[in-house]
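*Asks:* need a structure here:
(chains A, B, C and D)
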Protein chains: 2
Amino acid sequence: MANTKLYKGSLVTIILRLLNENDKMYGYEITQKVRQLTKGELKITEGALYPALHKLEAEGLLKVEVQKVDNRLRKYYKLTEKGETETINKLKELQEYIKNMQVLINPKWSLQ
Amino acid sequence: MANTKLYKGSLVTIILRLLNENDKMYGYEITQKVRQLTKGELKITEGALYPALHKLEAEGLLKVEVQKVDNRLRKYYKLTEKGETETINKLKELQEYIKNMQVLINPKWSLQ
DNA sequence: TTTAGATACATAAGAATTTTATGTATCTTT
DNA sequence: AAAGATACATAAAATTCTTATGTATCTAAA
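*Replies:* So this is what the prediction gives:
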């Protein structure tokens, strides 16, 4: 399910931000949303996603709500308050990182 | 020597781009350049840098030229032709990644 | 003058995150 | 009936990075 490689650390930020935007989502829905938004360029693997969701839940950033739809299990994830706070931090971190990368990639611009 | 965590894969891109910009550089110089350009926000650790340089050399993307300056060793790295090509690819990849991350982080904008 | 800090390289152990591969099960479409 | 989509899960391996050390020289400060 992979295409462009993920950059380490960005998966958690993606998950948190999508949940912050969409209130509640289940795992498979997240993979499809990422595919759709990036026009297939970025594909979240299940092997990365599910352990990440479990870890975020264990850390108290997400809470789960299991539902049965069409006789099939769905685990809806929602941000906790702690998760909302962490989302803000992660987004700020990512934006700073992108800013730094742009400076590094375009050194000339940074020297006026 | 670490501050903001590096995102996986970006170190190689940074190295290649700096060499592409500066013709030849040695390891320590790269760490200082990154510090300086990012105003201390991003710090490349030696434990990450040196193995990365060795790997890039082994892959034929970099070539080395050892010099002695003030009785101390310096290993100057330079891009090979293959390295120049790879730099273009890595830069394009990074830019696409950033673009995708921005779409994911600002889902509303991507829906007009 | 000796000590701390900067310069310059290096590697090894461990942590963290991701890919790849595999498995189960249900529903839908061909 | 089979293939593909939906929906979860985990384990092994790969990759990349941090942390911790080590060596050695030069320079500046105490």
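*Asks:* Just give the number of residues close to residue A:69.
*Replies:* Here the count is done by other Cβ atoms under 10 Å in any protein chain shown, and residue A:69 has 9 residues near it. From N, CA and C alone the C-beta is placed, and that goes for glycine too.
*Asks:* Identify the residue of chain A closest to chain B, quick one.
*Replies:* residue A:8 (2.7 Å; Cβ to the nearest Cβ).
*Asks:* how would you label residue A:100: helix, strand or coil?
*Replies:* State at residue A:100, reduced to three classes by DSSP: H, G, I helix; E, B strand; the rest coil: helix.
*Asks:* pretty sure residue A:9 contacts residue B:9?
*Replies:* No - contact criterion Cβ atoms under 8 Å: residue A:9 and residue B:9 do not qualify, at 10.5 Å.
*Asks:* ok, residue A:11 touching residue A:47?
*Replies:* No - if you go by Cβ under 8 Å, residue A:11 and residue A:47 don't touch, sitting 11.2 Å apart.
*Asks:* Does the closest residue to DNA strand C within chain A lie in a helix or a strand, and which?
*Replies:* Nearest residue of chain A to DNA strand C (Cβ to the nearest atom of the strand) works out as residue A:47 at 1.8 Å. Using DSSP states H and E, residue A:47 sits within helix A:46-58.
*Asks:* Okay, buried residues for that helix please.
*Replies:* The neighbour-count check on helix A:46-58 (16 or more other Cβ atoms under 10 Å in any protein chain shown) flags A:49, A:52, A:53, A:56, A:57 as buried.
*Asks:* And those residues, which two are furthest apart?
*Replies:* The distance between the two most remote of the buried residues of helix A:46-58 (Cβ to Cβ) is 12.5 Å, for A:49 and A:57.
*Asks:* Dig out what the residue lying closest to residue A:23 once chain neighbours are set aside forms beta bridges with.
*Replies:* Spatially, and ignoring its direct neighbours in sequence, residue A:23 is nearest to residue A:78 (6.8 Å; Cβ to Cβ, 6 or more residues apart in numbering or on different chains). With DSSP bridges as the criterion, residue A:78 is bridged to residue A:24, residue A:63.
*Asks:* residue contacts, residue A:78?
*Replies:* A:19, A:23, A:24, A:62, A:63, A:64, A:65 (Cβ atoms under 8 Å, 6 or more residues apart in numbering or on different chains).
*Asks:* how about those residues in a markdown table, adding neighbour count?
*Replies:* Converted to a markdown table, the contacts of residue A:78 look like this (neighbours: other Cβ atoms under 10 Å in any protein chain shown):
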| residue | neighbour count |
| --- | --- |
| A:19 | 23 |
| A:23 | 9 |
| A:24 | 15 |
| A:62 | 24 |
| A:63 | 15 |
| A:64 | 13 |
| A:65 | 11 |
